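# using only what follows, build the 3D model:
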Amino acid sequence: MANLTNQDQQLQLLINSLNATIDTNQQAQSFAEASLNQRLSSLLFHDVWFFGGYNL
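Numbers count the residues shown, from 1 in each chain. Predicted structure coming up:
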């Protein structure tokens, strides 16, 4: 198996999470949605902090 870069791993995680949001298992859907929300919040917080703040 080829070595994946961190960016590749992050993209694979995003794809897996997005696929899980359409899973017929409600528990899997809820977990995936919560994970995506947490990741998005983390990215937004990092970007706002990194760039000195801006309005989205």
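
# quick one: contacts for residue 30?
With contacts defined as CB atoms under 8 Å, 6 or more residues apart in numbering, residue 30 has no neighbours. C-beta here means a position set from N, CA and C on the backbone, and glycine is covered the same way.

# switch to numbering from 450
That works, and once the first residue is 450, the last one we named lands at residue 479.

# which parts of the protein are helices?
455-469, 475-499 (DSSP state H).

# just the pLDDT for the residue nearest to residue 481 when sequence neighbours are not counted.
The spatially closest residue to residue 481, leaving aside those adjacent along the chain, is residue 469, at 3.4 Å (CB to CB, 6 or more residues apart in numbering). At residue 469, the model reports a pLDDT of 85.

# would you mind measuring from residue 469 to residue 452?
Residue 469 sits 25 Å away from residue 452, going by CB to CB, to the nearest Å.

# and the two? which has more neighbours close in?
Per other CB atoms under 10 Å, whichever of residue 469 and residue 452 has more neighbours is residue 469, with 17 against 5.

# was I right about the more buried one contacting residue 478?
Yes. Between residue 469 and residue 478 there is a contact under CB atoms under 8 Å: 6.7 Å.

# any shared contact partners between those two?
With CB under 8 Å, 6+ apart, residue 469 and residue 478 have no common neighbours.

# if I look at residue 480, how far off is residue 457?
23 Å.

# coming back round to it: mean pLDDT for the helices of the chain: which is lowest?
Averaging pLDDT over each of these puts helix 475-499 lowest, since it has a mean of 77.

# what about residue 474, how many residues close to it?
10.
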